[in-house]
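Novice: Okay, predicted coordinates and the sequence, questions at the end:
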Amino acid sequence: KQEVTQIPAALSVPEGENLVLNCSFTDSAIYNLQWFRQDPGKGLTSLLLIQSSQREQTSGRLNASLDKSSGRSTLYIAASQPGDSATYLCAVRRGETSGSRLTFGEGTQLTVNP
Amino acid sequence: DAGVIQSPRHEVTEMGQEVTLRCKPISGHDYLFWYRQTMMRGLELLIYFNNNVPIDDSGMPEDRFSAKMPNASFSTLKIQPSEPRDSAVYFCASSLDPGPHNEQFFGPGTRLTVL
């Protein structure tokens, strides 16, 4: 059974810092990995998706990396801003079709202080 | 597109009452997912549909939970009778297959409180 772990559970940083969120998974046979952002009382917004054949994806100040063989992914946020404060979740997909189950980590709650 | 729409956004009910949560997926998406999020268990998949047909309901906790998708633009998740331990945020998500990344798009969720 796939298990996804995110460390740390919570993180508080001053504005402007670069930071790294970690995600690990126990079964390396994944199709892709997705990072989501969840704001309080809101749904999940997809940030980045990395296919199993890729090493990293970038979007603006965000960079996600994937080391499938070691079962790890990181989300790097450059020059953090108070608006980045949210819970960040990673999820791995087992198979190719949309119906393939997503397994989520429990999230990292990020607070960026002005 | 307005995205995935869920209603109600908040529901407070008493134990034993029937609760119905509603979801409208993104137009054209052929997969629909129901998730439950709690502090204790995180985000869990309850059931998903493909072309209105339930494919995997192994995540449905017990017979008190049922889900239907009568057409491509509407789905319901019903709890009857509700219990306090059902209190959670319930999310609906949809996706298109084959899509470039099979990305799932989530609705804002329904926060359910059972007293």
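Specialist: Received it, and whenever you're ready, just let me know what you need.
Novice: any low-confidence regions in chain A?
Specialist: Within chain A, the stretches with pLDDT under 70 are A:96-100.
Novice: Which residues of it lie near chain B?
Specialist: A:31-32, A:34, A:36, A:41-46, A:49, A:51, A:89, A:91, A:93, A:96-102, A:104-107 (CB under 8 Å from any CB of the partner chain). Bear in mind the C-beta positions are built from the backbone N, C-alpha and C, glycine included.
Novice: Around chain A, pick out the residues from chain B.
Specialist: So chain B meets chain A at B:4, B:30-31, B:42-43, B:45, B:48, B:50, B:55-56, B:91, B:93, B:95-99, B:101-109, B:111 (CB under 8 Å from any CB).
Novice: repeat that for 7 Å
Specialist: Applying CB under 7 Å from any CB of the partner chain, we find that chain B lies next to chain A at B:31, B:42-43, B:45, B:48, B:50, B:55, B:91, B:95, B:97, B:99, B:101-104, B:106-109.
Novice: Just the buried ones from those?
Specialist: By neighbour count, with 16 or more other CB atoms under 10 Å in any protein chain shown, the residues of chain B next to chain A hold B:31, B:42-43, B:45, B:48, B:50, B:91, B:95, B:101-102, B:104, B:106-109 as buried.
Novice: To what extent is residue A:78 buried, counted in neighbours?
Specialist: 13 (other CB atoms under 10 Å in any protein chain shown).
Novice: Pull out the buried positions in the helix or strand containing residue B:21.
Specialist: Under the criterion of DSSP states H and E, residue B:21 resides in strand B:19-24. Within strand B:19-24, the residues that qualify as buried are B:19, B:21, B:22, B:23, B:24, counting by 16+ other CB under 10 Å.
Novice: nearest residue to the fourth one other than its sequence neighbours?
Specialist: In this case it means residue B:23. Nearest residue to residue B:23, sequence neighbours excluded (CB to CB, 6 or more residues apart in numbering or on different chains): residue B:92, at 3.4 Å.
Novice: Then the third one?
Specialist: In this structure, residue B:22 finds its nearest non-sequential neighbour in residue B:7, 4.8 Å apart by CB to CB, 6+ apart.
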